[in-house]
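In: Sequence and predicted structure are below.
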Amino acid sequence: MSDPRIQKIRVGVASCGVAAGADAVLERLRQDAGSIPVEGTGCLGHCYAEPLVEVLLDSGESVFYRDVRPTDAAIANILSVGPDSRFEIPAARKAKELVKVLALAGRVNPTSYEDYVANGGYKGLEKALSMTSAEVVDEVKRSGLRGRGGGGFPTGNKWSFLAAKQADEKILICNADEGDPGAFMDRSLMESVPHQVLEGMLIAAHATGATKLFIYCRAEYPMAIKHLKIAIAQIYEHKRNVVDGRELEIIIKEGAGAFVCGEETALIASLEGQRGTPRFRPPFPTDKGWMGYPTMINNVETYGNVPLILTEGGDAFASVGTAGSKGTKLFALAGDLKYPGLVEVPMGTTLREIVFDIGGADPDQVKAVQTGGPSGGCIPVELFDTPVDYDSLRALGAIMGSGGMIVIGKNRCMVETARYFLDFTRRESCGKCTFCRVGTTRMFETLERIVAGKGEMADIDFLEELGNKVRRGSLCGLGQTAPNPVLATLRYYRHEYEAHVRDHQCEALECNALVDLKLDQSKCVKCRLCIKTCPVGAISDNFVIDNEKCTRCNSCLEVCPKKAISRVMKGSK
């Protein structure tokens with residue numbers, strides 16, 4: 001029997017929820033809830049607690065349930081508003097977050113136009129249309145909004161460049177080609193509040209006189225694309241795309257997932273049907289972009305901020321953040337922490353507050369944080385009092401990027417971390433620049449030698465010298481930032497490089513060529529699970545590991561019930 005106080009039930013069915021099994025929970029609740037409305041919503045940001053279910057009561061109170069499974073007991077507990085598996089946002093996180101851009105994420109049905117409008121949607125567009133284009137541009141300038149895609153260019157200034165152009169066609173592009181490993185801010189916005197992103201684009205079209213709108217989204221985001229297509233159809237139906245007497249076409253282009261197409265000129269080339277490679281600037285896209293027309297590009301999160309600026313005013317928006325970085329910022333938290341997910345905080349919040357207070361990481365187990373994705377930099381825990389804004393992170397040799405933040409534990413090797421990220425960027429290089437194409441490859445080969453215990457001291461200086469040359473000599477942002485993980489780890493963790501080269505030791509015991517596996521006979525209970533699991537027969541019947549045969553796959557460590565097997569420094573007795 002359902003509790004009569006229940007007015008509605010929401011289930012988070014964004015990608016994180018679906019991956020955790022939310023689809024089955026949604027279906028089961030719809031079967032058992034009777035006349036109670038049950039709807040799917042987007043992501044609240046607490047990905048660690050998925051599947052999440054919210055029960056709305058007639059008193060206005062909401063009760064959340066975490067890790068829900070479609071079992072009889074779990075569903076009955078929810079429908080009776082029972083006490084089991086209730087979810088509360090951690091107090092430390094609640095004290096630090098300022099939810100503005102994500103205010104409707106997880107609160108509205110992503111595919112319902114009516115739900116978005118009922119919660120204040122399109123108020124920003126309506127206000128913008130009552131203003132002149134110049135007034136809208138001035139409002140955005142007054143807000144201090146800077147591009148959230150990584151470059152941090154003042155948004156209002158960019159809008160003014162396109163607005164000043166006279167042309168038969170002016171093109172507006174939403175860069176939804178989010179390619180950083182560990183980043184999912186844009187995906188979550190498109191899945192959870194697609195109308196908010198599109199509203200921001202329509203406001204920008206009015207402000208700049210744009211005649212055609214593109215969304216360049218990677219094909220690996222099928223749910224985001226699906227929700228955007230539904231929202232666009234609804235916009236057409238309700239004539240929201242009629243701006244200044246022009247009926248605007250909104251086109252989705254599905255990209256093939258090339259990281260370099262996050263760069264403006266490479267994205268435009270791909271949108272034109274060409275190979276996605278950057279070109280020299282000038283001319284800048286606002287002078288000559290898609291098919292030669294003046295073109296402006298902002299990323300998803302930037303457009304997601306625009307409706308807020310129009311509804312609350314540029315001055316109110318600018319009241320949050322720091323002198324040079326206004327508003328809030330979304331961060332995707334991943335890595336060695338307790339509460340991975342999506343978070344929104346005021347600019348200027350420190351790394352310490354984000355990683356420890358919000359992310360729940362153990363201060364005794366954290367070594368560093370990688371900001372800005374694979375092109376960012378590793379910042380050591382000793383510098384976690386640094387405020388997160390564009391200029392402070394750049395001073396540390398890192399970047400904010402689009403907002404990916406990967407926490408690195410003390411059990412991680414910084415040389416291997418740099419090798420891992422550089423492997424990604426050198427594979428994603430389009431190959432146009434010699435510095436990027438050849439330089440990153442030579443750097444990667446050098447790192448491969450070092451983690452294999454075959455490096456020389458001269459390799460460390462070589463990495464630093466070549467990294468700076470690649471940074472200075474590359475054409476686009478990919479090459480210019482690709483050396484960052486190497487240069488940052490050399491700056492703060494040079495001693496780990498030296499230990500690999502001089503002592504042939506990996507302090508974190510992560511580099512396979514520099515570690516052995518050891519079986520502690522005093523702990524072993526002779527269960528033989530390790531012998532059965534080893535794929536290469538490296539463990540003898542008398543429970544001794546042959547490290548010449550061992551491939552360091554760690555399967556024996558994972559199955560040992562007594563944790564009798566461990567990784568040790570190579571050559572340890």
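Out: Alright, I've got the coordinates.

In: Please, where are all the strands along the stretch 401-550 of the chain?
Out: For the stretch 401-550 of the chain, the strands defined by DSSP state E, counting those that start in this stretch occupy 404-409, 515-519.

In: Check the stretch 201-350 of the chain too.
Out: Using DSSP E, counting those that start in this stretch, strands in the stretch 201-350 of the chain cover 212-218, 242-243, 246-247, 249-255, 295-299, 328-335, 341-346.

In: can you tell which of the ones you listed is closest to Tyr122?
Out: When these are compared by C-beta to C-beta, strand 242-243 sits nearest Tyr122, at 12.0 Å. All C-beta spots, glycine's among them, are computed from the backbone N, C-alpha and C.

In: Quick one: distance of that closest one to the chain centre.
Out: Strand 242-243 sits 32 Å away from the centroid of its parent chain (C-alpha atoms, centre = their mean, to the nearest Å).

In: Run me through the strand neighbours of it, direction for each.
Out: Take DSSP bridges as the rule and strand 242-243 pairs in its sheet with strand 246-247 (antiparallel).

In: per-residue confidence averaged over the partner strand?
Out: Model confidence over strand 246-247 averages 94 on the pLDDT scale.

In: same deal with stretch 412-432?
Out: Stretch 412-432 comes out with an average pLDDT of 95.

In: In CSV, list the C-alpha atoms belonging to it.
Out: What follows is stretch 412-432 as a C-alpha-only set of coordinates in CSV (Å, rounded to 0.1, in the frame of the first residue of the first chain):
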residue,chain,number,x,y,z
ARG,A,412,49.7,6.4,-7.8
CYS,A,413,53.0,6.9,-9.6
MET,A,414,53.3,10.4,-11.0
VAL,A,415,55.6,9.3,-13.8
GLU,A,416,53.1,6.7,-14.9
THR,A,417,50.3,9.3,-14.5
ALA,A,418,52.1,11.7,-16.9
ARG,A,419,52.8,8.8,-19.3
TYR,A,420,49.1,7.9,-19.3
PHE,A,421,47.8,11.4,-20.1
LEU,A,422,50.5,12.0,-22.7
ASP,A,423,49.6,8.7,-24.4
PHE,A,424,46.0,10.1,-24.8
THR,A,425,47.0,13.5,-26.2
ARG,A,426,49.7,12.1,-28.6
ARG,A,427,47.1,9.6,-30.0
GLU,A,428,44.6,12.5,-30.4
SER,A,429,47.0,14.8,-32.2
CYS,A,430,45.8,15.5,-35.7
GLY,A,431,49.4,15.4,-36.9
LYS,A,432,49.4,18.7,-38.7
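
In: of all the strands of the stretch 201-350 of the chain, which gets the most neighbours per residue?
Out: Neighbour counts (mean count of other C-beta atoms under 10 Å) averaged over each of the strands of the stretch 201-350 of the chain peak at strand 295-299, with a mean of 26.

In: Distance-wise, check the nearest residue to Tyr303 once chain neighbours are set aside relative to Leu125.
Out: Distances taken as C-beta to C-beta, 6 or more residues apart in numbering put Gly200 closest to Tyr303, at 3.3 Å, once the chain neighbours are dropped. Using C-beta to C-beta, to the nearest Å, one gets 9 Å for the distance from Gly200 to Leu125.

In: Check Pro387 too.
Out: Distance of Pro387 to Leu125, computed by C-beta to C-beta: 33 Å.

In: These two - which one has more neighbours?
Out: Neighbour comparison, Pro387 and Leu125: the larger count goes to Leu125, with 23 against 18 (by other C-beta atoms under 10 Å).

In: and stretch 1-17, how far apart are its ends?
Out: Taking C-alpha to C-alpha, to the nearest Å, stretch 1-17 runs 26 Å from one end to the other.

In: tell me, what residue is most central in the protein?
Out: Centroid-nearest residue in the chain, with C-alpha atoms, centre = their mean: Ala183, separated by 1.6 Å.

In: In three-state terms, how would that one be classified?
Out: On the three-state scheme (DSSP: H, G, I helix; E, B strand; the rest coil), Ala183 is labelled coil.

In: got a list of what it touches?
Out: Under the criterion of C-beta atoms under 8 Å, 6 or more residues apart in numbering, the contact list for Ala183 reads 332, 373, 401-404.

In: Could you double-check that Pro194 sits in contact with Pro110?
Out: Yes - in this structure, Pro194 is within contact of Pro110 by C-beta atoms under 8 Å, at 5.9 Å.
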